[in-house]
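*Asks:* pasting the structure only:
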């Protein structure tokens, strides 16, 4: 112990030893500032000093530590005359960031800024490894390595001498420690030891670097619109919190084009922008998709969302965006408190499909809404307010200005016998100023109208939960539910004067059975008195299994002719709505929703989804049927709002089935899915994905076929096939054909 202490003090005061220790400790690692005056701590089994040759020799478990860096070796010899240090035998250099360098021998000189190593191997971030016959270091910043093997794959445990799954074999490698870049010269990619690709020159950031300016792996493919094409992305870092990727696209049939992807993070928000400009045919097109969110303080934030394009064909040709019918752009300001929410925004739309005329699309500017929910009062009740205002303008179509307020109050109660319920009142008030009512989507016989209305609602909802504890069979629940709703019977007298902007689509189901107003908005209101009733039953088993079901109906004391045919609400007695959820095990669940005709119990709506399986193998199937298609009403002339006599297309059912299967077995993954339109007897789309991935490499084959085109009348759809190769630390290389 005394010998070790003397050795430490001696080295700490010997300046010629401090310099070599500093150089040794930074060898082949990422560049870092090291204080040359920092003391060096040495421990060794033995130290000798040759006065005639001015040589210091430390042997046996030599360990040197300076500024967090550590050198291990069997032997270190320092020539104090030439200031050259030689470390031999199991040389290990450990950097402060955890990177480790191994060598058989290391010779350091020139204040340890220059070094020569033999039998070099380095363990980098992300499990990357680099092995070289020899290495030379210049000025403490550049390392030149000869006959190098690089890989991020683990070696085979049973045969560690076998080559890894993939490796880069290069005649030379340059490591720029200052800029943290690795350059490969005369390199070839090998799989299981067999060469498959040659790179005269290849560069990548050090695996410890998360963001680095440089050229990314190009992407090549074939597209029916573009022909053969190549994409060459270049990534730029713009400071610590921003970057941009520029991606030129060169094709044989169209183009050229330039894509960009910009990202920036702030302390108070974030900004993204993706877009392109390029040539298609004889003209140039463009696209821009950008989002931003900015926190103004702890209660308020602002943001925007921009989606614009020159035309749909441009988006389709360059595969720049999912196939949507329209694009939406908006800007907003919103605030949050514990009891309220407020938002002010403006929205514009751009149609992409041939069935949408942009002149008919609305511009909503401004649109404001406010919601408030009070704390519970002494009775347990709560007050609520929903206020809304908007201004909708169209080049061709109805212009609408509306302001509305819906105050309400609800209070829970309980009655003898276990009955629990809620009493609530609500007043829907709205004022309208509309012009061009005779155009879509209203098709009224009026041009202009100014009107206001107030519709009160009162409702009492009650349920009687009857619970039976069945021991090892769990708990069973039978729960009758009933609601009484009272409201003036307003009929359809005002519909000719009130524009319909939010209530074109009405779907009666278990989800809105107990709603005061079954319309999705307030431009159309459900009046009159009625009673809603349902039977809810459930069985909860100890193993987590659940069976849950509900059947319900509504009875109106007065008919309302405002409802569309086959909506389920045109008679005094409504259709029957139901919901059934079956989950007998964690590996299977079924959700089934339906609406049955009250005349003959025929199905008017079915929405069913079943999921089964585990991570190893799972599948799902979905089935949807509805006897009408209310979405065709938007462009259909009628008499004041939804037409009383819908067009024939309204009575064409929506009928489709979807199915998918996915599995994960070891390193393999597989999934496939299909959607078929049962009404037309044709497929909508089909997909296929096959992948393999281990600790350092992945390959994915993706295939997607869509059988109809959104962008042209009578289109035949298209095909997308993509092959992606992912190399850990290197990136992803892909080929695709469309």
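*Replies:* That came through fine. These numbers were taken from a predicted model, which means no experiment stands behind them. Numbering: from 1, shown residues only.
*Asks:* What segments of the stretch 151-300 of the chain are strands?
*Replies:* In the stretch 151-300 of the chain, the segments counted as strands under DSSP state E, counting those that start in this stretch are 166-176, 181-191, 194-205, 214-215, 219-223, 227-231, 234-237, 242-251, 257-266, 269-280, 283-295, 300-309.
*Asks:* can you pull out the strands in the stretch 601-738 of the chain?
*Replies:* 603-613, 617-626, 654-665, 668-677, 682-693, 697-706, 718-727, 731-737.
*Asks:* buried residues in the first one?
*Replies:* Neighbour-count burial for strand 603-613, with 16 or more other C-beta atoms under 10 Å as criterion, is recorded at 604, 605, 606, 607, 608, 610, 611. To be clear about C-beta, it is placed using only N, CA and C from the backbone, and glycine gets the same treatment.
*Asks:* The second one bridge partners, please.
*Replies:* Translated: residue 605. Counting by DSSP bridges, residue 605 is bridged to residue 595, residue 626.
*Asks:* That one and residue 258, how far apart?
*Replies:* Distance, residue 605 to residue 258, by C-beta to C-beta, to the nearest Å: 48 Å.
*Asks:* tell me the domain boundaries of this structure?
*Replies:* The chain breaks down into these domains under automatic domain parsing: 1-113, 124-210, 237-373, 658-737.
*Asks:* Mind putting the ones you listed into a markdown table with distance to residue 599?
*Replies:* Output for the domains of the chain, formatted as a markdown table (distance: least, C-beta to C-beta, whole Å):
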| stretch | distance to residue 599 |
| --- | --- |
| domain 1-113 | 75 |
| domain 124-210 | 65 |
| domain 237-373 | 34 |
| domain 658-737 | 23 |
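*Asks:* okay if I get those as CSV plus mean neighbour count, mean pLDDT and distance to residue 551?
*Replies:* As requested, the domains of the chain are exported to CSV (neighbours: other C-beta atoms under 10 Å; pLDDT from 0 to 100; distance: least, C-beta to C-beta, whole Å):
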stretch, mean neighbour count, mean pLDDT, distance to residue 551
domain 1-113, 17, 64, 63
domain 124-210, 17, 87, 56
domain 237-373, 16, 90, 31
domain 658-737, 15, 81, 26
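*Asks:* Mind putting the strands of the stretch 601-738 of the chain into TSV with distance to residue 590?
*Replies:* Putting the strands of the stretch 601-738 of the chain into TSV (distance: least, C-beta to C-beta, whole Å) gives the following:
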stretch	distance to residue 590
strand 603-613	5
strand 617-626	10
strand 654-665	14
strand 668-677	19
strand 682-693	23
strand 697-706	28
strand 718-727	32
strand 731-737	37
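*Asks:* among those, which is nearest residue 75?
*Replies:* Residue 75 lies closest to strand 718-727 among these, at 38.9 Å (C-beta to C-beta).
*Asks:* what packs against the closest one?
*Replies:* If you count contacts as 3 or more C-beta pairs under 8 Å, 6 or more residues apart in numbering; DSSP states H and E, strand 718-727 packs onto strand 697-706, strand 731-737.
*Asks:* For residue 179, which of those is the nearest?
*Replies:* Nearest of these to residue 179, taken as C-beta to C-beta: strand 731-737 at 18.3 Å.
*Asks:* tell me the contacts of the residue nearest to residue 278 when sequence neighbours are not counted?
*Replies:* Of all residues not flanking residue 278 in the chain, residue 257 sits nearest, at 2.4 Å (C-beta to C-beta, 6 or more residues apart in numbering). Neighbouring residues of residue 257 by C-beta atoms under 8 Å, 6 or more residues apart in numbering: 248, 249, 251, 276, 277, 278, 279, 318.
*Asks:* Please identify which two of the residues you listed are farthest apart in space.
*Replies:* Greatest spacing in the contacts of residue 257, by C-beta to C-beta: 251 and 277 (14.5 Å).
*Asks:* re earlier: same list, the helices and strands packed on strand 718-727, but as TSV with distance to residue 433 please.
*Replies:* Putting the helices and strands packed on strand 718-727 into TSV (distance: least, C-beta to C-beta, whole Å) gives the following:
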stretch	distance to residue 433
strand 697-706	43
strand 731-737	52
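*Asks:* so which of those strands comes closest to residue 88?
*Replies:* Distance to residue 88, taken as C-beta to C-beta, is lowest for strand 697-706 among the helices and strands packed on strand 718-727, at 36.4 Å.
*Asks:* Isn't residue 256 up against residue 249?
*Replies:* Yes. Here residue 256 lies in contact with residue 249, judged by C-beta atoms under 8 Å, at a distance of 6.2 Å.
*Asks:* element containing residue 584?
*Replies:* Residue 584 is part of strand 576-585, with elements assigned from DSSP states H and E.
*Asks:* For that strand, buried residues please.
*Replies:* Neighbour-count burial for strand 576-585 flags 576, 577, 578, 579, 580, 583 (criterion: 16+ other C-beta under 10 Å).
*Asks:* elements contacting it?
*Replies:* Contacts defined by 3+ C-beta pairs under 8 Å, 6+ apart place strand 576-585 against strand 546-556, strand 588-596.
*Asks:* Turn those strands into a markdown table, including distance to residue 206 and mean pLDDT.
*Replies:* Formatted as a markdown table, the helices and strands packed on strand 576-585 follow (distance: least, C-beta to C-beta, whole Å; pLDDT from 0 to 100):
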| stretch | distance to residue 206 | mean pLDDT |
| --- | --- | --- |
| strand 546-556 | 52 | 96 |
| strand 588-596 | 48 | 96 |
